[in-house]
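Next one to model:
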Amino acid sequence: MHLQPRSTNDQLLAFVASDYSPKKANYLALAIRSGKFAHLYNSGDGSIEAESAEIVKPNEHYLLDLKKFGQRTELRVNGKKVPVRGKLAPFMAGTNLFIGGIAPGIVVNPRIGGASPFSGCISKVDSFIIPFFYVLALSLQSVIIVVPCKRNFGFTVFTVTTYIVLLCVKCTNPAL
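Numbers count the residues shown, from 1 in each chain. Model (predicted):
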């Protein structure tokens, strides 16, 4: 995911869960917490958190690369590996993946924090550029306002003001 945060306040970048019960669901989340990128997950054996060493700077460009290899995950921020321990079972095909925030009414595990929506620009998710028409196709179930970011990267960039719902086709895909 290529992104440019506008603030370092606690905010949710991506979220996927086995169901929407905040107390019993297995989940995986990417967030900004306490000014750092954080990878939060629960595999049923308790919550695990890993955070980047680097402090997030507003209006800087970042590449977050989260890969899943079976039950193991790997997070890199601008190519630097963030140590991640523990295992997380694969999510079922058809599980919603939320980018930039969550749908109204969904309550996340309290360990994730306030789950404020992402404030900034996201230009790529899963190695593909997100053109405007594709964003609309991905978010038929959601409400999204697409606003161009100020910096032109040579491809379509948008500001997330609510959230996008991506439907996982195969959630054991290493890119997830």
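
low pLDDT regions in the chain?
Low-confidence segments of the chain (pLDDT under 70): 20-23, 44-46, 91-94, 113-115, 126-176.

any chance you could map the helices in it?
132-138 (DSSP state H).

any idea how far residue 27 is from residue 78?
Separation of residue 27 from residue 78 (Cβ to Cβ, to the nearest Å) stands at 25 Å. For the C-beta atoms, the positions are set from N, CA and C on the backbone; glycine is no exception.

higher neighbour count, these two?
residue 27 (22 against 13; other Cβ atoms under 10 Å).

Excluding covalently adjacent residues, which one is nearest to that one?
residue 17 (4.0 Å; Cβ to Cβ, 6 or more residues apart in numbering).

Might one say that that neighbour is in contact with residue 26?
Yes - counting by Cβ atoms under 8 Å, residue 26 is a contact partner of residue 17 at 6.7 Å.

who has more neighbours, the two?
When residue 17 and residue 26 are compared on other Cβ under 10 Å, the one with more neighbours turns out to be residue 17, at 25 against 18.

wouldn't residue 8 be in contact with residue 54 here?
No - using Cβ under 8 Å, residue 8 is not in contact with residue 54; the gap is 11.5 Å.

how about the strands of this protein, start to end?
2-5, 11-17, 27-33, 36-42, 47-55, 62-69, 72-77, 80-82, 96-99, 120-125, 128-129, 146-148, 158-160, 164-167 (DSSP state E).

wait, which of these is closest to residue 111?
With Cβ to Cβ as the measure, strand 47-55 is the member of these nearest residue 111 (4.6 Å).

just checking, what packs against that closest one?
Under the contact criterion of 3 or more Cβ pairs under 8 Å, 6 or more residues apart in numbering; DSSP states H and E, strand 47-55 touches strand 36-42, strand 72-77, strand 80-82.

and residue 102, which of those is closest to it?
strand 36-42 (13.5 Å).

Can you name every helix or strand that the closest one contacts?
Going by 3+ Cβ pairs under 8 Å, 6+ apart, strand 36-42 lies up against strand 27-33, strand 47-55, strand 62-69, strand 72-77.

Partner strands of it, with direction?
strand 27-33 (antiparallel), strand 47-55 (antiparallel) (DSSP bridges).

Residues in contact with the shortest one: which ones?
With contacts defined as Cβ atoms under 8 Å, 6 or more residues apart in numbering, strand 27-33 is touched by 1, 5, 8-18, 37-42, 51, 56, 64, 66, 73, 75, 88, 91, 108-109, 112-113, 118.

and what of the last one?
In this structure, residues lying in contact with strand 47-55 by Cβ under 8 Å, 6+ apart are 8, 33-42, 75, 77-78, 80, 82-86, 109, 111.

Who is residue 32 paired with across the strands?
residue 11, residue 37.

From residue 19, how far off is it?
Relative to residue 19, and taking Cβ to Cβ, residue 32 is found at 25 Å.
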